[in-house]
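Asker: need a structure here:
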Amino acid sequence: MSIGSSSSSEDSSCLPNSSTGTSLIFSQTSDVRSSIMSPVAVTNASRFSSTLSSFSKCTFAVPCVHKSRFIAAGLPNTATLVAGEFRVYRRRWVLLAIVFFLNYTNASMWICFAPVADTSASYFGVSLTWINMLTVIYFIVFIPFNFVGVYMAERFGLKPLMISSAVINLIGGALRVLSVYIFEEPTQKFVVLFIGQSITAVAQALILIQPTKLAAYWFAPNERTIANAAGTIANEIGLMVAFLASPFIVGDNTSNIEHLIVIWSVPSVIPVLICVVFVNTRSYPPSPPSSSGAIASMGFKDSMTECLRNKQFWCLMLSFGTGLAAFSTLIALIEQILCVNGYSDTYAGIASTVCIGSGCVGAAIFGTLADRSKKYDVIYKGCYLLACLGVGFFAWASTKSDNNVLILLGVGWFGFFGLVLFPLALELSVECTYPVSESASSGVVILAGQLIGIVMLVGLPFLGQSLTQKQNEVEDCAQGVDKEDLWISNIVLATFTSLIAVWTLFFFKSPNKRLEAEQNANLIDDS
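Answerer: Numbers count the residues shown, from 1 in each chain. Okay, here's the model as predicted:
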């Protein structure tokens with residue numbers, strides 16, 4: 001038997017919080033038909049008891065639940081599933097568009113200085129270390145504000161999180177623009193720019209946790225990985241466009257750095273406009289898209305506790321954290337790696353574009369395959385190992401000054417198999433920790449990448465070597481900037497990432513808890 005709703009409109013009234021995890025919470029509309037489950041359904045419900053038993057120690061820290069959401073929680077060794085009418089809404093694409101443009105604009109502001117790092121250092125009169133700090137600050141700020149974002153997602157819902165992140169992103173972008181027009185001294189400009197960059201870093205901490213939350217509560221099970229991929233790969237598309245265009249915007253004129261800042265900051269207004277014009281919906285749909293979307297997730301504190309108790313989640317943190325850090329570090333340092341061997345900023349931008357562009361293709365292919373097969377861990381491990389081959393090949397090819405094609409082949413291979421790890425890892429983080437909050441599990445696993453990224457991006461440049469005589473003759477870096485050969489850093493990055501990939505193959509075994517819960521829910525509903 002099932003409880004359904006004849007109305008698709010959203011009800012603004014709310015049910016109070018459940019103070020313990022030992023009660024059943026049912027959301028109902030005004031014309032709900034209540035009924036008693038049949039003996040057959042009760043018998044089948046026992047199959048679901050192991051999945052729901054984890055709810056017994058869970059406090060549902062949602063401030064209110066819209067009456068139009070179907071919510072079910074379970075008792076220890078007992079399960080009663082209340083199945084509702086599962087459906088999806090067209091407005092989910094508007095919400096996905098907001099998440100897409102948030103990721104896109106934020107990422108382009110983050111990375112726009114990396115492909116012209118030496119020119120930026122020359123314009124502002126600072127060292128390359130400070131230009132790298134414009135990237136590292138994102139990693140540092142993410143650490144505390146990730147927890148703020150997770151709490152906001154659970155306490156207030158997805159819509160307030162979207163709006164606040166869009167506004168913060170816009171404020172950071174506005175400060176970046178003001179740094180160009182208000183101040184004359186390059187040092188003063190850099191200080192204001194750095195403050196604006198730090199504010200956009202706060203926005204990133206609120207943005208990156210949104211795709212899994214949106215996919216879980218607004219998209220059907222066969223759409224979740226693709227929705228996750230669209231939300232997360234938008235970040236990589238922002239990197240790709242910035243890497244491709246930035247060298248052309250700046251050219252040989254250092255003063256064009258001002259145009260660079262304005263061009264990548266102004267689009268931060270787009271997500272705010274979409275929010276103002278189109279978002280008139282609530283954080284949750286009137287009816288859930290799946291049985292897991294009808295379950296109230298754990299609160300902030302319980303979610304964090306359960307994540308840190310989960311051994312497989314720790315494995316995923318180390319595995320994906322290393323992969324994410326390796327990608328971020330390689331993208332941030334690629335211009336500095338290549339220019340000492342005679343490759344121009346334009347070529348470095350093309351190499352990054354090939355990496356991310358091929359990654360978008362790979363994410364579409366493997367994301368679709370994962371959605372259909374549900375073999376998340378198998379695809380994740382296979383792509384991880386193959387991506388490491390590309391990192392190693394690039395590390396070798398970039399040491400020569402005439403390997404244009406081989407370098408593109410290496411970064412293209414790495415991107416094709418590597419970028420899909422982002423959406424896959426976010427899906428795996430939800431699967432292996434369910435019913436932990438999606439924003440908590442994805443936020444913590446991304447946090448691991450930021451922490452490892454800080455170590456890599458700050459530490460690896462210290463392994464730089466003095467340029468050889470041949471490199472001094474062919475280098476194509478900006479004048480007046482200290483230059484070092486990062487070939488040892490590149491080898492260390494490739495070796496460490498490959499070791500973690502092999503370790504992942506043998507030690508990471510993720511259970512698909514959410515999928516199993518949905519399958520058991522379907523069995524009960526059918527009975």
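Asker: any idea how far the most centrally placed residue in the chain lies from Val266?
Answerer: The residue lying closest to the centre of the chain (C-alpha atoms, centre = their mean) is Leu208, at 4.2 Å. Per C-beta to C-beta, to the nearest Å, Leu208 is found 22 Å from Val266. Just so you know, the C-beta spots here come from the backbone N, C-alpha and C atoms, and that holds for glycine as well.
Asker: quick one, phi/psi of Asp485?
Answerer: Asp485 has phi and psi values of phi -90, psi 120 when expressed as degrees, to the nearest 10.
Asker: Let me know whether it touches Gln465 as I believe.
Answerer: Yes: with contact defined as C-beta atoms under 8 Å, Asp485 counts as touching Gln465 (4.6 Å).
Asker: So between the two, which is more surrounded?
Answerer: Asp485 (20 against 13; other C-beta atoms under 10 Å).
Asker: Contact partners for that one?
Answerer: 340, 464-468, 471 (C-beta atoms under 8 Å, 6 or more residues apart in numbering).
Asker: do you know how far it is from Met317?
Answerer: 32 Å.
Asker: now do Asn235
Answerer: 19 Å.
Asker: which one of these two has more residues nearby?
Answerer: Neighbours were counted for Asn235 and for Met317 using other C-beta under 10 Å; Asn235 has more, 26 against 23.
Asker: if I look at that one, how far off is Leu324?
Answerer: Taken as C-beta to C-beta, the span from Asn235 to Leu324 is 11 Å.
Asker: which residues are in contact with both of these two?
Answerer: Here Asn235 and Leu324 have Phe422 as joint contacts, going by C-beta under 8 Å, 6+ apart.
Asker: Any regions of this structure where pLDDT drops low?
Answerer: Applying pLDDT under 70 to the chain flags residues 1-84, 279-281, 291-297, 478-481, 521-527.
Asker: All the strands of it, residue numbers only.
Answerer: 14-15, 65-66 (DSSP state E).
Asker: can I assume Ser466 is in contact with Lys483?
Answerer: No: counting by C-beta under 8 Å, Lys483 is not a contact partner of Ser466; they are 9.0 Å apart.
Asker: Looking only at neighbour counts, state which of those two leads.
Answerer: Using other C-beta under 10 Å as the criterion, Ser466 and Lys483 rank with Lys483 on top: 19 against 9.
Asker: contacting residues for the closest residue to that one other than its chain neighbours?
Answerer: Excluding the flanking residues, the one nearest Lys483 by C-beta to C-beta, 6 or more residues apart in numbering is Cys477, at 5.0 Å. Residues near Cys477 by C-beta under 8 Å, 6+ apart: 118, 336, 339-340, 483.
Asker: Cys477 and Thr399: what is the separation?
Answerer: Cys477 is 16 Å from Thr399, by C-beta to C-beta.
Asker: and what of Val136?
Answerer: Distance from Val136 to Thr399, by C-beta to C-beta: 25 Å.
Asker: Neighbour count for those two, which is higher?
Answerer: Between Val136 and Thr399, counted using other C-beta under 10 Å, Val136 has the larger neighbour count: 20 against 17.
Asker: Which residue comes closest to that one once chain neighbours are left out?
Answerer: Closest to Val136 by C-beta to C-beta, 6+ apart is Leu457, at 5.4 Å.
Asker: In contact with that neighbour, which residues?
Answerer: 132, 135-136, 139, 325, 328-329, 332-333.
Asker: Pro461 too?
Answerer: Pro461 touches 128-129, 132, 333, 336, 484, 486, 489, counting by C-beta under 8 Å, 6+ apart.
Asker: now do 10 Å
Answerer: Shown in contact with Pro461 (C-beta atoms under 10 Å, 6 or more residues apart in numbering): 128-129, 132, 329, 333, 336, 484, 486, 489.
Asker: Kindly report the same for Val136.
Answerer: Here Val136 is in contact with 129-130, 201, 328, 332, 450, 453-454, 456-458 (C-beta under 10 Å, 6+ apart).
Asker: By neighbour count, which of the contacts of Pro461 wins?
Answerer: Most surrounded of the contacts of Pro461: other C-beta under 10 Å gives Thr329, at 27 neighbours.
Asker: Near the residue nearest to it when sequence neighbours are not counted, how many other residues are there?
Answerer: Leaving aside its sequence neighbours, Thr329 sits nearest to Met456 (C-beta to C-beta, 6+ apart; 4.3 Å). By other C-beta under 10 Å, 25 other residues sit near Met456.
Asker: which residues does Met456 contact?
Answerer: Per C-beta under 10 Å, 6+ apart, neighbours of Met456: 136, 139, 322, 325-326, 328-330, 332-333, 489, 492-493, 496-497.
Asker: which residues do Asp485 and Gln465 both contact?
Answerer: Common neighbours of Asp485 and Gln465 (C-beta under 10 Å, 6+ apart) are 340, 471.
Asker: any idea how far the closest residue to Leu206 other than its chain neighbours is from Val148?
Answerer: Nearest residue to Leu206, sequence neighbours excluded (C-beta to C-beta, 6+ apart): Ser165, at 3.8 Å. Distance of Ser165 to Val148, given as C-beta to C-beta: 11 Å.
Asker: any shared contact partners between these two?
Answerer: 202, 205-206.
Asker: Compare those and tell me which is most surrounded.
Answerer: Neighbour max across the shared contacts of Ser165 and Val148 (other C-beta under 10 Å) = Leu206, 27 neighbours.
Asker: Spit out the contact partners of that residue.
Answerer: 102, 106, 142, 145-146, 148-150, 152-153, 161-162, 164-166, 168-169, 439, 443.
Asker: If we use 6 Å, what do you get?
Answerer: Contact analysis of Leu206 by C-beta atoms under 6 Å, 6 or more residues apart in numbering lists 149, 161, 165.
Asker: Okay, helices next: where are they in the stretch 351-500 of the chain?
Answerer: Counting by DSSP state H, counting those that start in this stretch, the stretch 351-500 of the chain has these helices, from start to end: 376-397, 404-418, 421-433, 438-459, 469-474, 487-507.
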